[in-house]
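Asker: sequence isn't available, so here's the structure alone:
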């Protein structure tokens, strides 16, 4: 082997000389091309000719001007390892799907005194918003479901005193942080936390192994997350593993939960490839759950996917109808979302709702630890089904109201007492918060202009009542066709606080998170209340923060503030 100079002309302004090695034997070239090696004498002649051509080229280049060569040498001295040409980066895939969300409007109590909705224990929107912020961008507005941001936190509301009622109910009313002329009503539910041995679990891991799941934050994170859950199980539990891509199949038959080595080995063997037939996988997973069904136990399918179904049953309504039909067998569905670029948030959230389950988005292993280990009971064990809230406001005391969030959980007034209408489930230890911004009559907080020709409705005062709160739920042990139970409570004017001083940490923290979510959605109702005020309110309400969730939230607020455009900052008073 010997080296000879090779001349490369990049442009009229620069000439770069590189060292190129030539194989004098011609062996590798002959293997690559299939040609025989030339004789040694011929090779020597070729090499001499190449040397002469290179030298001639150098002389011609030098004749083009010493100044140009000097400039070239200076450029080479500054950046000798610079790339010859910058290749454009491929565009980032952005096929994420979100349901269109229109924020709840302000309603006149005189016209619509009753608000009815289903509770929601999902938290997937919060961790998905965190993914966007940590990735350096603000989330799409439709990715922000304010109630899921609020319900991400473990508010320290008291547990139920009577175990015959599966949850406690709390209310608190004080000035709205972003509007001094209105009041913020917090309605909070905290689920009973069982003690002692847990009921047996029959869990089917339904894992998407299609080609779209090969990214590190998809299938590899799925496997690590499910291993965390597996290590919490015991001999009475059963685990099955079903996978789907272009077709579906059973990877692991029902296996005792304490056989973690077998379960983890099956998970570790999974690899991504192919198209995505999610509908077929769902059918097979439910069949496996029915096969190992545990009467009185926790029977559940855990679907881990990016939601990008592209073959088989792919229609949104068809998939929802499929899950609605399967839930009748007593098997719930939890959806665990992973990844980005093609993430179908709309499908994942609605599948969980249709399947009497819950939805979480797993962006990190720490989030998997929270959802599947720390909050395992809340995720997997249902203590109340079809939970509905109805609030009737007294028009003599309250003139307007607005429910913050829960846009896709709205129910008709008559749905409240109709036990055939599906609603949300509460897991063991779950915390659920609903927030209303209300304008009290005569305090100037009204947003809706009075009608020119409309006569003012004559209302009869009902003492000191602001409104009347009703809640319906079913006990899981009573069966799928059980009658609902009713809880009722009046809201009193004397319970309204005149300032935020003396309100609970839970009240102030939930208010700050609600304001944050509204700002991410455009800040239609938050006035001049900006990210700085959100941070100040949340920092004052951190409390013990044993898991560090409030501290992390403060960092997210700072990220959102930094990523906001100048126009957005002007709109929110920054």
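Answerer: Sure thing, it's come through. This is a predicted model, so every value here is computed, not measured. Numbers count the residues shown, from 1 in each chain.

Asker: which parts of stretch 107-124 are buried?
Answerer: Judged by neighbour count (16 or more other Cβ atoms under 10 Å), stretch 107-124 contains these buried residues: 107-110, 113-124. To be clear about C-beta, it is placed using only N, CA and C from the backbone, and glycine gets the same treatment.

Asker: quick one: which two of the residues you listed are the most distant?
Answerer: Among these, the pair separated by the greatest distance (Cβ to Cβ) is 110 and 124, at 37.0 Å.

Asker: sorry, back to before: just the closest of the buried residues of stretch 107-124 to residue 508, please.
Answerer: Taking the buried residues of stretch 107-124 together and measuring to residue 508 by Cβ to Cβ, the closest member is residue 123, at 19.8 Å.

Asker: excluding chain neighbours, give the residue nearest to the closest one in space.
Answerer: residue 152 (4.6 Å; Cβ to Cβ, 6 or more residues apart in numbering).

Asker: for residue 498, same thing?
Answerer: residue 175 (7.3 Å).

Asker: quick one, phi psi at that neighbour?
Answerer: Dihedral angles of residue 175 (phi, psi; degrees, to the nearest 10) stand at phi -60, psi 140.

Asker: and it, how far from residue 517?
Answerer: 19 Å (Cβ to Cβ, to the nearest Å).

Asker: these two: which has the busier surroundings?
Answerer: Neighbour totals were compared for residue 175 and residue 517, and residue 517 leads with 23 against 18 (other Cβ atoms under 10 Å).

Asker: what residues are up against residue 224?
Answerer: By Cβ atoms under 8 Å, 6 or more residues apart in numbering, the contact set of residue 224 is 365, 368.

Asker: tell me the confidence at the nearest residue to residue 444 once chain neighbours are set aside?
Answerer: Of all residues not flanking residue 444 in the chain, residue 181 sits nearest, at 5.2 Å (Cβ to Cβ, 6+ apart). Listed pLDDT for residue 181 reads 97.

Asker: that older thread, for the residue nearest to residue 123, helix, strand, or coil?
Answerer: The three-state assignment at residue 152 reads coil, by DSSP: H, G, I helix; E, B strand; the rest coil.

Asker: so who does it touch?
Answerer: So residue 152 contacts 123, 126, 127, 513, 549 (Cβ under 8 Å, 6+ apart).

Asker: residue ranges with poor pLDDT in the stretch 351-500 of the chain?
Answerer: Scanning the stretch 351-500 of the chain for pLDDT under 70 picks out 455-462.

Asker: would you state the strands of it in chain order?
Answerer: Per DSSP state E, counting those that start in this stretch, the stretch 351-500 of the chain carries strands over the ranges 359-361, 382-393, 398-404, 424-427, 431-440, 465-474, 485-492.

Asker: highest average neighbour count across these?
Answerer: strand 359-361 (a mean of 28; mean count of other Cβ atoms under 10 Å).

Asker: contact partners of it?
Answerer: Contacts of strand 359-361 (Cβ under 8 Å, 6+ apart): 122-128, 131, 334-338, 345, 348-349, 351-353, 367, 371, 379.

Asker: now, the residues you listed that are in strands?
Answerer: Among the contacts of strand 359-361, DSSP state E puts 334, 335, 336, 337 in strands.

Asker: out of the residues you listed, who's the most crowded?
Answerer: Compared across the ones in strands among the contacts of strand 359-361, residue 336 has the highest neighbour count, 29 neighbours, by other Cβ under 10 Å.

Asker: how close does that one sit to residue 113?
Answerer: 40 Å.

Asker: re the thing from before, out of the buried residues of stretch 107-124, which is nearest to residue 473?
Answerer: Of the buried residues of stretch 107-124, the one sitting nearest to residue 473 (Cβ to Cβ) turns out to be residue 119, at 8.9 Å.

Asker: if we can go back for a sec, in strands only, show me the buried residues of stretch 107-124.
Answerer: Filtering these for strands - DSSP E - leaves 107, 108, 114, 115, 116, 117, 118.

Asker: relative to residue 499, how far out is residue 157?
Answerer: Counting by Cβ to Cβ - residue 157 and residue 499 are separated by 21 Å.
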